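Enquirer: sharing a model that was predicted from the sequence below.
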Amino acid sequence: MSKKIRKAILVFLAAVLCCFTAASAGTVTLPAAVTAVPAEAFYGDTSLEKVVIPAKVTSIGSKAFANSSVEVVEFLGSGSVKITGDAFDGSGLAAVFAPEGSPAYKWAVAQGYSVNPKTVYRALVIGEKNFSGGEVTMRNVGDANHIAAMLGRVYGPEGTRYKVTKKINVGCGALKDLLQSTFKDTTDTDVSLFFIATHGDSYGDGDLCMPEYDSGNGVWYNGWMSFSSLAQLLNTYVRGKVIVILESCGAGSAIYQEGVAENSLKGIKANAAEEESFDPSAFVQEAVAAFSAADPGIAVQPLPEDNEPFVSQAKTGELRTSKFYVLAAARHHELSWGVEYGDDTDGTKSYNVFTDWLIDGVGSSGNSPADNNPKDGTVSLRELFSYIKSVGDEDLMGHDSAGNPLYQHVQVYPKNSTYPLFLHK
């Protein structure tokens, strides 16, 4: 490439970066005055998810978006536009929005892209009730009921309702088939939500208790699924975006940095320095490997048999940040607190506090306390995390054996993501 062409590209990119608007993380809207996208303008850009092409653009140059992570392109105009054959080579492009019958529309159809798809929102909500030793936990049932009801009150960001599947008592062995049946028709432009309320621990990258029923002996026994195993299942059977919400003790074990102060690990109120030592943008290695199943450098590990723990042998790979958005109820080695009513037989009154905070933040149609930065009618991941954190960090959960106050700290990934979760009409 000549120095003259490279300089022109750099000037163009500088102008775009100064002028584009971002509707959400990874979305770039080119300025309305732009008439051409030069060759290699966004070549290899792994921060892109969606690009909006203004009506005046008449040409998209060679390898303009090649080897980038762009998944969706929206053409605002119906006029003639010449798209070079290799403009999107090696990219993640899956869906194209364009006026029907326009040159861009015909190009997308000819290339085999999904054209003008409608986003479908689905949710799988799980509450684990029966555990080994005859334990029955109604607050997890309450969480599942309350989350399902909340999803019936709000909309996905594009204005359609979630299709909700709610299940109580799902074992490790049944989860694979349940994911396959619930999300079998997902496409690359769909959004799916996975919620589970159960017991948990902080071993490895965090384990979720998913009990199995022994029909021969008539008892429940506790099966365990690691966060990595769950991540791999979701990666395998759900296409499009996935919102993961975990309500359990140690739910955030996959999202923490090694070496933080012992008090913080125990859930005791941390000082400012300890708070800063947590890095919500870091995942432990097992989670990175599981989320990176599509990376050519990562070998997909076989799923565990008979509830054996998932142990990844992968050592390298990039977290697929453009696919997964995670909220977890508590830190590594931290309890998730709840309220259990002894006379509550259907979960209408019992709940875990994280779920209660989350539902309060989302609010009802037209009214969302979490929607405030900016207040635009949608609740983003960052806004919901900030709301829960502001409430949870001030609510005293109890004391440990030494009399120290205990708190519950919500965890999030990716950090500061403006990805929209819910819409209020």
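Expert: Alright, I've got the coordinates.
Enquirer: need the contact list for Gly152.
Expert: If a contact means Cβ atoms under 8 Å, 6 or more residues apart in numbering, then Gly152 has Arg161, Tyr162, Val164 as its contacts. Any C-beta I mention is one placed from the backbone N, CA and C, and that applies to glycine too.
Enquirer: 10 Å instead, please
Expert: Ala123, Arg161, Tyr162, Val164 (Cβ atoms under 10 Å, 6 or more residues apart in numbering).
Enquirer: Asp376 now?
Expert: For Asp376, the contacting residues are Ala23, Glu383, Pro420, Leu423, His424, by Cβ under 10 Å, 6+ apart.
Enquirer: got a markdown table for the contacts of Gly152, with pLDDT, distance to Gly200 and neighbour count too?
Expert: Output for those, formatted as a markdown table (pLDDT from 0 to 100; distance: Cβ to Cβ, whole Å; neighbours: other Cβ atoms under 10 Å):
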| residue | pLDDT | distance to Gly200 | neighbour count |
| --- | --- | --- | --- |
| Ala123 | 97 | 20 | 24 |
| Arg161 | 88 | 30 | 13 |
| Tyr162 | 92 | 24 | 21 |
| Val164 | 95 | 23 | 19 |
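Enquirer: turn these into TSV, including distance to Ala36.
Expert: Listed next are the contacts of Gly152 as TSV, based on distance: Cβ to Cβ, whole Å:
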residue	distance to Ala36
Ala123	42
Arg161	40
Tyr162	40
Val164	45
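Enquirer: pull out the buried residues from the contacts of Asp376.
Expert: Glu383, Pro420, Leu423, His424 (16 or more other Cβ atoms under 10 Å).
Enquirer: nearest to Ala98 among the residues you listed?
Expert: Relative to Ala98, the closest of the buried ones among the contacts of Asp376 is Pro420; by Cβ to Cβ it sits at 22.4 Å.
Enquirer: which SS class is Val109?
Expert: Following DSSP: H, G, I helix; E, B strand; the rest coil, Val109 is assigned to helix.
Enquirer: next one: Val141
Expert: Three-state assignment for Val141 (three-state DSSP): helix.
Enquirer: test my guess that it contacts Gly127.
Expert: Yes. Counting by Cβ atoms under 10 Å, Gly127 is a contact partner of Val141 at 4.7 Å.
Enquirer: contact partners for the residue nearest to Ala36 when sequence neighbours are not counted?
Expert: In this structure, Ala36 finds its nearest non-sequential neighbour in Ser59, 4.7 Å apart by Cβ to Cβ, 6 or more residues apart in numbering. Taking Cβ under 10 Å, 6+ apart, we find Ser59 in contact with Thr35, Ala36, Val37, Pro38, Ala39, Ser80, Val81, Lys82, Ile83, Thr84, Ala87.
Enquirer: which pair of the residues you listed spans the longest distance?
Expert: Ala39 and Ser80 (19.0 Å).
Enquirer: if I look at the residue nearest to Ala36, how far off is Val81?
Expert: Going from Ser59 to Val81 by Cβ to Cβ, to the nearest Å gives 7 Å.
Enquirer: Ser253 is in contact with Gly200, isn't it?
Expert: Yes. Between Ser253 and Gly200 there is a contact under Cβ under 10 Å: 8.1 Å.
Enquirer: quick check: neighbours shared by those two?
Expert: Common neighbours of Ser253 and Gly200, counting by Cβ under 10 Å, 6+ apart, are Gly206, Asp207, Phe227, Leu246, Ala328, Ala330.
Enquirer: state the pLDDT value of the fifth one.
Expert: For Ala328, the model assigns a pLDDT of 93.
Enquirer: the closest residue to Tyr351 other than its chain neighbours: what's it in contact with?
Expert: Leaving aside its sequence neighbours, Tyr351 sits nearest to Gly142 (Cβ to Cβ, 6+ apart; 4.5 Å). Shown in contact with Gly142 (Cβ under 10 Å, 6+ apart): 127, 197, 338-341, 344, 346-352, 355-356.
Enquirer: cutoff 6 Å now
Expert: Gly347, Ser350, Tyr351 (Cβ atoms under 6 Å, 6 or more residues apart in numbering).
Enquirer: Thr160 too?
Expert: Going by Cβ under 6 Å, 6+ apart, the list of residues near Thr160 reads Tyr121.
Enquirer: in a helix, that's where it is, yeah?
Expert: No. Counting by three-state DSSP, Thr160 is located in no helix; its state is coil.
Enquirer: need the pLDDT of it.
Expert: Looking at Thr160, its pLDDT is 84.
Enquirer: need phi/psi at it.
Expert: Backbone torsions of Thr160, given as degrees, to the nearest 10, read phi -110, psi 160.
Enquirer: ditto for Leu423
Expert: Torsion angles at Leu423 (phi, psi; degrees, to the nearest 10) stand at phi -120, psi 140.
Enquirer: and the gap between it and Val191?
Expert: Leu423 is 11 Å from Val191, by Cβ to Cβ.
Enquirer: touching, Tyr344 and Met138? I think so.
Expert: Slight slip there: residue 344 is Asp, not Tyr. Yes. Under the criterion of Cβ atoms under 6 Å, Asp344 makes contact with Met138 at 5.1 Å.
Enquirer: okay, these two: which has more neighbours?
Expert: Between Asp344 and Met138, Met138 has the larger neighbour count (other Cβ atoms under 10 Å), namely 24 against 16.
Enquirer: ok, now which ones touch that one?
Expert: Met138 makes contact with Asp344, Gly347, Ser350 under the criterion Cβ under 6 Å, 6+ apart.
Enquirer: for burial, what's the neighbour tally of the last one?
Expert: Just to be clear, that refers to Ser350. Per other Cβ under 10 Å, the neighbour tally for Ser350 reads 23.
Enquirer: would you check that Val379 makes contact with Phe422?
Expert: Yes. Counting by Cβ under 6 Å, Val379 touches Phe422, with 4.6 Å between them.
Enquirer: so what sits against both of these two?
Expert: Shared contacts of Val379 and Phe422 (Cβ under 6 Å, 6+ apart): Val362.
Enquirer: between the two, tell me which one has more neighbours.
Expert: Legend: neighbour count by other Cβ under 10 Å for Val379 and Phe422, higher for Phe422 (28 against 24).
Enquirer: for the more buried one, which three-state class applies?
Expert: Strictly by three-state DSSP, Phe422 counts as strand.
Enquirer: quick one: it from Arg153, how far?
Expert: Going from Phe422 to Arg153 by Cβ to Cβ gives 9 Å.
Enquirer: again, but for Thr165
Expert: Computed as Cβ to Cβ, the Thr165 to Arg153 distance reads 17 Å.
Enquirer: next one: Trp224
Expert: Separation of Trp224 from Arg153 (Cβ to Cβ): 33 Å.
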